[in-house]
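Student: Just a sequence and a predicted model for now, questions to come.
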Amino acid sequence: MNVSIFDTADEAAAALASRVARALTERPHIVLALPTGRTPVPTYAGLRRLHAAGTADFSRATTFNLDEFAGVEASHPGSFRTFMERHLFTGVNLNSGRIHFLNGAAADLDAECDRYEAEIEAAGGIDLLLLGIGGNGHIGFNEPADELVARTHRVRLADSTTRDNAALFGGDPARVPREALSMGMGTILKAGALVLMATGERKAKCIERTINGPLTPRLPASFLQLHRSVELYLDQAAASLL
Ligand code: PGA
């Protein structure tokens, strides 16, 4: 794994935004996979700024988000789609026809997961997949478990994950959906290149285990060790146990 450590979270975010802008220049038709969460917010702000400055052109890019809550319409204020509209999509020149999202409100959620896998395949696969990491080591919504699922699938969210996402639902963990749809570990590991960003001391233990620990479904991020192109963008706090 290629680990870059920055003094602050803002510096890590700025470096990652530049990394993505470079990828857009080198490969205008790039297929990106995108995360939500607090961590990518400053990276998305950086990309909006780079776009405004004329150095990040999304016009030919395609995006797939990693996950979405089940039972939630795209237009719901707590949906990841709404999050992405607010933090990235409305500030860059993505073609709306090339923005792909899991529909958490689909009548048949298993069929929706199959549809998403087929769409990723039809787009030629994911070139560059950006990731955060949950405080419990989840990536996407692949939660710690006895076994991991390879393909896009329905997940039952860990209690810690519903607490972490309460801010999207009026601060009340009880209002966070108990289920979500997520790219699977195989979907993630099939991407051409992976970039994981983590900031803050809360992530330090998972980051240390992700890099140095055994492969275990109890720490889904540990499976990133199997991929040949993984970059980690960390601040000092997240890297403090390395
Ligand atoms: P966070 O979430 O950035 O809000 O910590 C990360 C994640 O759950 O992937």
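Tutor: Great, that's in hand. What you see is a predicted model; the values in this text were computed from it and never measured. Numbers count the residues shown, from 1 in each chain.
Student: Any idea how many residues pack against the nearest residue to residue 138 once chain neighbours are set aside?
Tutor: For residue 138, ignoring the flanking residues on the chain, the nearest one in space by C-beta to C-beta, 6 or more residues apart in numbering is residue 220 at 5.5 Å. C-beta coordinates here come from the backbone N, C-alpha and C atoms, glycine included. Neighbours of residue 220 under the rule other C-beta atoms under 10 Å: 26.
Student: residues contacting residue 220?
Tutor: Taking C-beta atoms under 8 Å, 6 or more residues apart in numbering, we find residue 220 in contact with 137, 138, 139, 142, 143, 144, 148, 185.
Student: Same list, those residues, but only the ones touching the ligand.
Tutor: The subset of the contacts of residue 220 within reach of the ligand, counting by C-beta under 6 Å from any ligand atom, is empty.
Student: Just the buried residues of those residues.
Tutor: 137, 138, 139, 142, 143, 144, 148, 185 (16 or more other C-beta atoms under 10 Å).
Student: could those go into a markdown table alongside pLDDT and secondary structure?
Tutor: Shown next, in a markdown table, are the buried ones among the contacts of residue 220 (pLDDT from 0 to 100; DSSP: H, G, I helix; E, B strand; the rest coil):
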| residue | pLDDT | secondary structure |
| --- | --- | --- |
| 137 | 94 | coil |
| 138 | 96 | coil |
| 139 | 97 | strand |
| 142 | 97 | strand |
| 143 | 96 | coil |
| 144 | 96 | coil |
| 148 | 96 | coil |
| 185 | 98 | helix |
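Student: Looking at the contacts of residue 220, which one is closest to residue 237?
Tutor: Nearest to residue 237 among the contacts of residue 220: residue 137, at 16.7 Å, using C-beta to C-beta.
Student: doesn't residue 217 make contact with the closest one?
Tutor: No - the pair residue 137 / residue 217 is not scored as a contact, 9.9 Å apart, by C-beta atoms under 8 Å.
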